[in-house]
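Enquirer: 3D model of this:
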Amino acid sequence: DWQFSRASGPGGQHVNKVNTRAELRLDLDRATDTAALPRAVADRLTKHSTKERIVVVAAQTARTQKGNREACEAKLAELLEEAWHPPKARKLREGISKDGKRARTADKRRRRDVKSNRGRVDYFSTSASPTTLADKRLKSAKELAALPEVVAAETLRQQLASGTLPTQTSSAPPLDADQTKLVIDAGLATFHLHVEARIAAYCGEGFYTIGPCGEELLGAVGLVLEDGDGAALHYRHLATNVVRALRRGDDLEDLLLARARGYVVSGADPACGGVHCCVGGGTDDWLVTSTLASQAPRAVGRALADAFKPRRRRERRVEYVSVGDGSVNNAHFLSAVNFAEYCAHRGAGMPVVFGVADNDASISLAGHGWLPKFIEQRLGGCKIYTCDGSDGSDVFRAAAEAFAYARSEQRPAVLVVEDLPRRFGHAATDRQEAYLSQTEIEGRRARDPLAGFIGDAVERGVLDAATVAARNDEIARAARDAFDAAAAEPKLDDR
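Expert: Got it, this is the predicted structure:
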């Protein structure tokens, strides 16, 4: 039905004299009764109708009645078209995906096993739960075999046994035989400590799980440290500490036991006595209890203290402090670098080397390639030395240059270790799938700088594959025995 009235739109005085406003009404009930409109279409038009189920469209923008009639017809046709062909309803997926369900089930099973292993032991039952780490490891052998770290350890063992190690090409002068053996021993030791730490955590016996994850070749920095040089290391850089200790003549099995005690917080831990898991504790190796660069300001203070001694009493020592690439954004690191640069600007001695390992990941956050931009914008007052973290010879070259500069010039330097993979999660609780694709996760796990370094040493004739394979098995057993012994030791029962 049509109705016309005077419009309030354009038209000057004409608007007050002629009924140009048009109004078109469609009675939905009458249209369905006469079969002019299907009931379903009429029902979908009710959102545009009055309470009496009448659709009203009006137009008054045109200067003529004919123009407004055409506008009304167009509006009604648009409404009918929309009602006649409604959009398909989106089918919303309910719940989580199949992959998500599998991951959640696996995580629940892992947590179930961890909690069950922590339960009270019934010593009078013939079916008592296993009580030692060795027993728990045996009971959960199938689940442990699927852990990424355990898979990586088995892959390395097979590569060594079959002689199919990857190789790498280095532009830096190669390390000599003794240096190569030290770096490999330290790399294998820290790698297997990491594997056993993840196993102990799964079995409910370990409480700290941050390991090198691909940064084993930073042991080459330990070849540069001189007696008296201070070192405050990031947890992932344990290999630097191990190389230094081996150069001092420390026994590797004793080092493995000391580190295992830290991972399981044994009361016999020589570094912290079971209070915390720390890196350091040896002569000139400062205790570090955090990965957030809190060790950096103190290293700068120690460097400045030596420079303020009378010239004849100065030790010409260098303080080395290492962090991950995510920690450069922390206020501890920023304040330490700022003060080091300020002291150098004022002419005060500042023999400090900041080591920054770039794996482009900060705990559970992707790095997004930020570190190079940070260095360009922020570290203008320090001498920068870069190296390839997957090349042990290149790490040694850059470290030697950085320490020589800091020692001779008494100025701050930064050692940037680039292109490092973080092969596994930050810790056992890290869920990499939340911030990395499955392709990225698998690609990082497949990269093994330590295997490439060993392959290069075998290719150069410095070592033979059979000798390294036997050494790998020996260190793996020693690490496992160290964890078994440490887990059986008493822990603190008060603060």
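Enquirer: Which other helices and strands does the lengthiest helix in the chain contact?
Expert: In the chain, taking DSSP state H as the definition, the longest helix is helix 177-202. If contacts are counted by 3 or more CB pairs under 8 Å, 6 or more residues apart in numbering; DSSP states H and E, helix 177-202 sits against helix 98-117, helix 141-144, helix 148-162, helix 238-248, helix 252-263, helix 392-409, helix 449-460, helix 465-488. Every C-beta, even on glycine, is put in place using the N, C-alpha and C of the backbone.
Enquirer: check contacts around the nearest residue to residue 490 once chain neighbours are set aside.
Expert: Using CB to CB, 6 or more residues apart in numbering and skipping the chain neighbours, the partner closest in space to residue 490 is residue 267 (5.2 Å). The contact partners of residue 267, taken as CB atoms under 8 Å, 6 or more residues apart in numbering, are 273, 274, 489, 490, 491, 492.
Enquirer: now residue 412: how far from residue 395?
Expert: When distance is defined by CB to CB, to the nearest Å, residue 412 is 19 Å away from residue 395.
Enquirer: Please read the previous query as pertaining to residue 196.
Expert: Applying CB to CB to residue 196 and residue 395 gives a distance of 25 Å.
Enquirer: what's the angle from the longest helix of the chain to helix 98-117?
Expert: Between helix 177-202 and helix 98-117, the angle comes out at 80 degrees (axes from the mean of the first three to the mean of the last three CA atoms, to 10 degrees).
Enquirer: picking that back up, looking at the contacts of residue 267, which one is closest to residue 181?
Expert: Residue 181 lies nearest to residue 489 out of the contacts of residue 267, by CB to CB, at 30.9 Å.
Enquirer: My read is that the closest one contacts residue 261, right?
Expert: Yes. The criterion here is CB atoms under 8 Å, and residue 489 meets it with residue 261 at 7.0 Å.
Enquirer: Of these two, give the one with the bigger neighbour count.
Expert: Neighbour count, other CB atoms under 10 Å: between residue 489 and residue 261, residue 261 has more, with 25 against 16.
Enquirer: residues contacting the more buried one?
Expert: For residue 261, counting by CB under 8 Å, 6+ apart, the contacting residues are 268, 269, 270, 274, 486, 489.
Enquirer: Spatially, which residue comes closest to it, not counting chain neighbours?
Expert: Leaving aside its sequence neighbours, residue 261 sits nearest to residue 269 (CB to CB, 6+ apart; 4.0 Å).
Enquirer: pLDDT wise, what is the one you found at?
Expert: Residue 269 is assigned a predicted lDDT (pLDDT) of 92.
Enquirer: Is it part of a helix or strand, or is it coil?
Expert: State at residue 269, reduced to three classes by DSSP: H, G, I helix; E, B strand; the rest coil: coil.
Enquirer: burial count for it?
Expert: 26.
Enquirer: thought it was touching residue 259?
Expert: No. Here residue 269 does not reach residue 259: they are 9.0 Å apart, not a contact under CB under 8 Å.
Enquirer: which residues of the stretch 51-200 of the chain score low on pLDDT?
Expert: Scanning the stretch 51-200 of the chain for pLDDT under 70 picks out 87-93, 116-129.
Enquirer: OK, contacts around the residue nearest to residue 261?
Expert: 258, 261, 262, 277.
Enquirer: before we move on, what about residue 471?
Expert: Under the criterion of CB under 8 Å, 6+ apart, the neighbours of residue 471 are 184, 185, 188.
Enquirer: again with residue 136
Expert: Residues near residue 136 by CB under 8 Å, 6+ apart: 117, 130, 203, 204, 205.
Enquirer: Kindly confirm my reading that the second one is in a helix.
Expert: No. Counting by three-state DSSP, residue 130 is located in no helix; its state is coil.
Enquirer: So which residues of the stretch 201-350 of the chain form strands?
Expert: Secondary structure of the stretch 201-350 of the chain (DSSP state E, counting those that start in this stretch): strands at 230-232, 319-324.
Enquirer: ok, and what's touching the shortest one?
Expert: Residues from elsewhere that reach strand 230-232 (CB under 8 Å, 6+ apart): 225, 240-241, 244, 280, 284-286, 288, 295-296, 298-299, 302-303, 317-322.
Enquirer: before we move on, what about the last one?
Expert: The contact list for strand 319-324 (CB under 8 Å, 6+ apart) reads 218, 221, 225, 229-234, 236-237, 240, 291, 293, 295-296, 299-300, 302-303, 330, 333, 336, 351-357, 359, 362, 403.
Enquirer: For that strand, C-alpha coordinates in CSV please.
Expert: Provided in CSV are the C-alpha atoms of strand 319-324 (Å, rounded to 0.1, in the frame of the first residue of the first chain):
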residue,chain,number,x,y,z
GLU,A,319,85.0,-9.0,34.6
TYR,A,320,82.8,-11.1,32.3
VAL,A,321,79.0,-11.1,32.6
SER,A,322,76.7,-13.0,30.2
VAL,A,323,73.0,-12.6,29.6
GLY,A,324,70.4,-13.8,27.0
